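>>> this one's sequence-less:
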Ligand SMILES: C[S@@+](CC[C@H](N)C(=O)[O-])C[C@H]1O[C@@H](n2cnc3c(N)ncnc32)[C@H](O)[C@@H]1O
């Protein structure tokens, strides 16, 4: 589904705008609501799934910021609302990227007038599609980078995903951190969800934790390892939410440590 941003059988709906709907936002289209209701018929608590995922994004972004990193690059960003990265770390520079032109236009409009935050095109399965100009304008010269790669791995096949993580490793200065998530095989318990996600010719990639590790290449996992996103650095609310997604944080070690 690389380069495409539709949601399975709903050619014009987009997961990012459906998430905004589920999170109580105002930036979605009628086609997104129609698709969201079909998904809710298959599993009643999509609001919960994405409440938990958005909270993970917030904890991960704050953990990155707490390590002194103030430049964050976000892939498959969705809409910059409802606790997305720049709201979680308001004193950082944040560049959001996505492939969906409507999300990008909406995002640019939502962020207008905020000099330290921007929104640009990038296909997360091909980093050559990221323009240098917005990176330089919004992030400035890169020192250590925080990368947020959440909600997008499911749309990318293993070989391309491993190649993307390798390219990000080459791009990221030593000490950079990347937060990731992967859809688990939990969805298979709800065959209708998989049916909705996989339109003919499209694959939705669900991965077990042991399938994630080999994709990370030389990136080094932090001590939390790979956990359900609700449990990542969280013992409070939603820590035991059903594991629809796994998350982890990885660090770019020094070359002598690598
Ligand atoms: C499930 S939403 C996740 C949004 C946000 N990251 C979150 O977790 O709430 C997936 C997003 O990835 C985007 N997307 C899908 N394939 C992509 C690709 N190859 N490169 C970049 N973005 C992609 C979609 O347009 C959509 O905005």
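Yep, it's here. Since the model is a prediction, treat every value here as computed from it, not as a measurement.

>>> near the ligand, which residues of the protein?
1-3, 5, 14-16, 19, 53-54, 57, 75-78, 98-100, 103, 123-125, 150-152, 155-156 (Cβ under 6 Å from any ligand atom). Where you see a C-beta, it was placed from the backbone N, CA and C, and this is true even at glycine.

>>> and those, which of them are buried?
Of all the residues of the chain next to the ligand considered here, the ones buried according to neighbour count by 16 or more other Cβ atoms under 10 Å are 1, 5, 14-16, 19, 53-54, 57, 75-78, 98-100, 103, 123-125, 150-152, 155-156.

>>> which secondary element of the protein has the worst mean pLDDT?
Sorting the helices and strands of the chain by mean pLDDT, DSSP states H and E puts helix 191-197 at the bottom, at a mean of 89.

>>> for that one, packing partners?
Helix 191-197 makes packing contacts with helix 30-42 when contacts are defined by 3 or more Cβ pairs under 8 Å, 6 or more residues apart in numbering; DSSP states H and E.

>>> contact partners of the helix it packs on?
By Cβ atoms under 8 Å, 6 or more residues apart in numbering, the list of residues contacting helix 30-42 from outside reads 7, 10, 12-14, 17-18, 20-22, 46, 190, 192-193, 196.

>>> please enumerate the strands of this protein.
Per DSSP state E, the chain has strands spanning 71-75, 93-98, 117-121, 146-149, 177-183, 220-221, 227-228, 245-251. These are given in chain order.

>>> what is the neighbour count of the closest residue to residue 95 other than its chain neighbours?
In space, and not counting its chain neighbours, residue 95 is closest to residue 138: 4.4 Å by Cβ to Cβ, 6 or more residues apart in numbering. For residue 138, the neighbour count with other Cβ atoms under 10 Å is 22.

>>> in contact with residue 138: list those residues for me.
Remark: with contacts taken as Cβ under 8 Å, 6+ apart, residue 138 is in contact with 93, 94, 95, 116, 117, 118, 120.

>>> also residue 161?
Contacts for residue 161 (Cβ under 8 Å, 6+ apart) come out as 125, 153, 205, 215.

>>> can you get me a residue count around the third one?
Neighbour count for residue 205, taken as other Cβ under 10 Å: 15.

>>> what do you get for the last one?
Using other Cβ under 10 Å, the number of residues around residue 215 comes to 20.

>>> which non-adjacent residue is nearest the most centrally placed residue in the chain?
Compute the mean C-alpha point of the chain, and by Cα atoms, centre = their mean the closest residue is residue 150, 1.8 Å away. With Cβ to Cβ, 6+ apart as the criterion, residue 150 has its nearest non-adjacent residue at 4.6 Å, and that residue is residue 181.

>>> okay, the nearest residue to residue 58 once chain neighbours are set aside: pLDDT?
Closest residue to residue 58 apart from its sequence neighbours, by Cβ to Cβ, 6+ apart: residue 88 at 4.0 Å. With respect to pLDDT, residue 88 scores 98.

>>> could you list every residue that touches residue 88?
Under the criterion of Cβ under 8 Å, 6+ apart, the neighbours of residue 88 are 57, 58, 61, 62.
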